[in-house]
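Asks: Have a look; sequence and predicted model below, questions after that.
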Amino acid sequence: MFDYNEAVNYIHSFLKFGVKPGLERISLLLNELGNPQNDLKFLHVAGTNGKGSTSTMLSEILIDAGYKTGLYTSPYVFDFNERIRVNSENIPNDDLAALISRIEPVITRLNKKGVVITEFEIITAAALLYYKEQNCDYVVLEVGLGGRFDATNIISKPEVSVITSISYDHINVLGSTIEEIAFEKCGIIKENSRVVTSSLQNQDALKVIKDISAQKNAQLYIADYNCVEILSQSIKGTDFLYKGTPYSISLVGMHQIENAVAVIEAANLIKGVTLTNIQNGIKNTVMKARMELIGENILIDGGHNEECAEALKAVIKSYLSDKKITAVIGMMADKECEKYLKNILPLCDSVVFTKPDNPRSEEPEKLAETAKLYIKKIAIENNPKIAYYKTIEQAEFTLVCGSFYLISDIFN
């Protein structure tokens with residue numbers, strides 16, 4: 001039997017995603033484990049940005065309503081066990097080790113038959129088994145990549161599917177146009193199901209969502225951002241009205257209001273959820289490393305694509321325009337680094353580029369070369385922790401951004 005570290009190392013020894021997209025592998029694995037997903041009720045969340053915030057808000061609302069709630073998200077920031085939670089508590093180390101010890105012989109048998117299970121499929125299977133054995137009333141399930149062929153899409157019709165903001169990301173896998181990416185995300189829409197998205201959704205993506213919902217005879221609910229009235233806002237959160245009803249959210253940025261109104265519409269579809277549950281759940285939601293303010297002079301954000309950069313840019317302009325900001329940035333090479341830097345660097349006084357401990361990390365020197373177009377004061381420090389601690393000693397305000405892997409390296 002594995003101990004905890006052995007279990008995590010075993011999981012990480014597998015390919016992150018399959019060479020060939022598809023649900024065949026996860027189907028075979030879950031079948032061997034008794035198909036735990038068939039005994040659970042789900043809220044399924046796909047999209048490019050806002051999946052984690054949306055999923056966490058939904059989870060907090062269900063918990064406030066008295067439901068035992070599983071939450072499955074990725075990536076983790078500080079602790080691997082963050083990915084599998086019940087009632088906001090991470091799966092205990094011993095429970096994860098025991099689950100992986102039970103799953104390992106099944107994976108070995110399948111491997112002998114030529115079925116090569118991936119890392120994400122192992123984690124998904126372990127999570128579903130855990131949620132069943134914990135007797136969860138509901139599970140909020142965040143898609144890992146895309147939707148149509150994502151391992152989470154092995155579930156049958158959920159209580160509701162939520163499609164968050166769709167933009168360019170993972171274009172080598174999901175497609176090079178918004179329509180192609182939206183088609184993959186909309187793969188989670190099931191026949192005769194209920195779907196929620198936002199009126200601020202990219203219009204090309206919204207057309208795809210509408211078309212596929214119609215094809216699947218799914219009822220589509222579009223959260224109307226025109227019904228939002230901002231009462232007060234700061235870097236510590238926003239008070240707003242939606243359709244005349246007051247809500248408070250501690251998550252920073254107007255994009256989080258877009259997420260929240262979709263959450264409100266989705267939560268209203270769940271039996272037994274009251275207005276007070278929704279208000280409390282949204283107010284109680286805290287997201288690590290999503291425009292998270294630490295003290296008064298440090299902001300950390302793991303967003304990594306152009307839309308995330310635009311949201312962060314809006315927050316800086318709104319609340320930090322009077323600060324001299326030093327950014328500590330590390331990114332993955334497969335992200336749109338130049339578009340990200342173009343948004344952020346002109347708002348900063350200086351930048352330190354560093355390299356997260358990940359094989360996909362972009363070289364700091366390459367980022368620095370790109371940065372010359374947008375900022376003059378540029379430094380390189382390959383070690384993320386050193387880059388961070390040196391910066392906070394000297395900077396008026398420190399911004400850490402560009403990758404969840406970077407934030408994990410610094411704060412773990």
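Replies: It's in.
Asks: What's the local residue count around Pro359?
Replies: Close neighbours of Pro359, defined as other Cβ atoms under 10 Å, add up to 7. C-beta here means a position set from N, CA and C on the backbone, and glycine is covered the same way.
Asks: other SSEs contacting the one helix or strand Ala7 maps to?
Replies: Using DSSP states H and E, Ala7 sits in helix 4-12. Using 3 or more Cβ pairs under 8 Å, 6 or more residues apart in numbering; DSSP states H and E as the contact test, the elements touching helix 4-12 are helix 93-112, helix 119-133.
Asks: What residues sit buried inside it?
Replies: 4, 7-8, 10-11 (16 or more other Cβ atoms under 10 Å).
Asks: Next, the angle helix 93-112 makes with that helix.
Replies: 40 degrees (axes from the mean of the first three to the mean of the last three Cα atoms, to 10 degrees).
Asks: Which SSE is immediately downstream of helix 4-12?
Replies: Taking DSSP H and E, what comes next after helix 4-12 is helix 24-32.
Asks: and that next one, C-alpha only, in PDB?
Replies: Output in PDB follows, covering the C-alpha atoms of helix 24-32 (Å, rounded to 0.1, in the frame of the first residue of the first chain):
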ATOM      1  CA  GLU A  24     -12.600   5.300 -23.700                       C
ATOM      2  CA  ARG A  25      -9.800   5.100 -21.100                       C
ATOM      3  CA  ILE A  26     -11.700   6.800 -18.200                       C
ATOM      4  CA  SER A  27     -14.700   4.700 -19.100                       C
ATOM      5  CA  LEU A  28     -12.800   1.400 -18.800                       C
ATOM      6  CA  LEU A  29     -11.100   2.600 -15.500                       C
ATOM      7  CA  LEU A  30     -14.400   3.700 -13.900                       C
ATOM      8  CA  ASN A  31     -16.100   0.500 -15.000                       C
ATOM      9  CA  GLU A  32     -13.500  -1.500 -13.100                       C
END
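Asks: between it and helix 93-112, how big is the angle?
Replies: Using the same axes, to 10 degrees: helix 24-32 against helix 93-112 is 120 degrees.
Asks: Output the contacting helices and strands for helix 24-32.
Replies: Checking 3+ Cβ pairs under 8 Å, 6+ apart, helix 24-32 ends up next to helix 93-112, helix 119-133.
Asks: now the angle from the helix holding Ala7 to helix 119-133?
Replies: Using the same axes, to 10 degrees: helix 4-12 against helix 119-133 is 130 degrees.
Asks: Show me the contact partners of helix 4-12.
Replies: 2, 80, 93-94, 96-97, 99-101, 104, 119, 122-123 (Cβ atoms under 8 Å, 6 or more residues apart in numbering).
Asks: May I have the residues that are in contact with the nearest residue to Glu180 once chain neighbours are set aside?
Replies: Distance criterion Cβ to Cβ, 6 or more residues apart in numbering; nearest residue to Glu180, sequence neighbours excluded, is Leu174 at 6.6 Å. Listed by Cβ under 8 Å, 6+ apart, the contact partners of Leu174 are 145-146, 180-181, 184-185.
Asks: Nearest the geometric middle of this structure, what residue?
Replies: Gly52 (3.4 Å; Cα atoms, centre = their mean).
Asks: There's contact between that residue and Leu71 in this structure, I believe.
Replies: No. Counting by Cβ atoms under 8 Å, Leu71 is not a contact partner of Gly52; they are 9.8 Å apart.
Asks: intersection of neighbour lists for those two?
Replies: Contacts common to Gly52 and Leu71, judged by Cβ under 8 Å, 6+ apart, are Glu142.
Asks: Just the closest of the contacts of Leu174 to Glu365, please.
Replies: When the contacts of Leu174 are compared for distance to Glu365 (Cβ to Cβ), Leu145 wins out at 29.0 Å.
Asks: pLDDT score assigned to the closest one?
Replies: Note on Leu145: pLDDT of 86.
Asks: What is the burial count for it?
Replies: By other Cβ under 10 Å, neighbour count at Leu145 equals 19.
Asks: before we move on, the earlier item: report the secondary structure state of the residue nearest to the centre of the chain.
Replies: helix (DSSP: H, G, I helix; E, B strand; the rest coil).
Asks: Just want to check the distance between it and Lys335.
Replies: Here Gly52 is placed at a distance of 17 Å from Lys335 (Cβ to Cβ, to the nearest Å).
Asks: How about Ala7, nearest residue that isn't a chain neighbour?
Replies: Ile100 (3.9 Å).
Asks: Then Gly22?
Replies: Nearest to Gly22 is Phe149, by Cβ to Cβ, 6+ apart, at 5.5 Å.
Asks: Is that neighbour within a helix or a strand, and which one?
Replies: Phe149 belongs to no helix or strand, assigned by DSSP H and E.
Asks: How about the contacts made by it?
Replies: Applying Cβ under 8 Å, 6+ apart, the residues near Phe149 are 21-23, 184, 187.
Asks: Quick check: can you list the domain ranges of this protein?
Replies: Following automatic domain parsing, one finds the domains of the chain at 4-284, 292-411.
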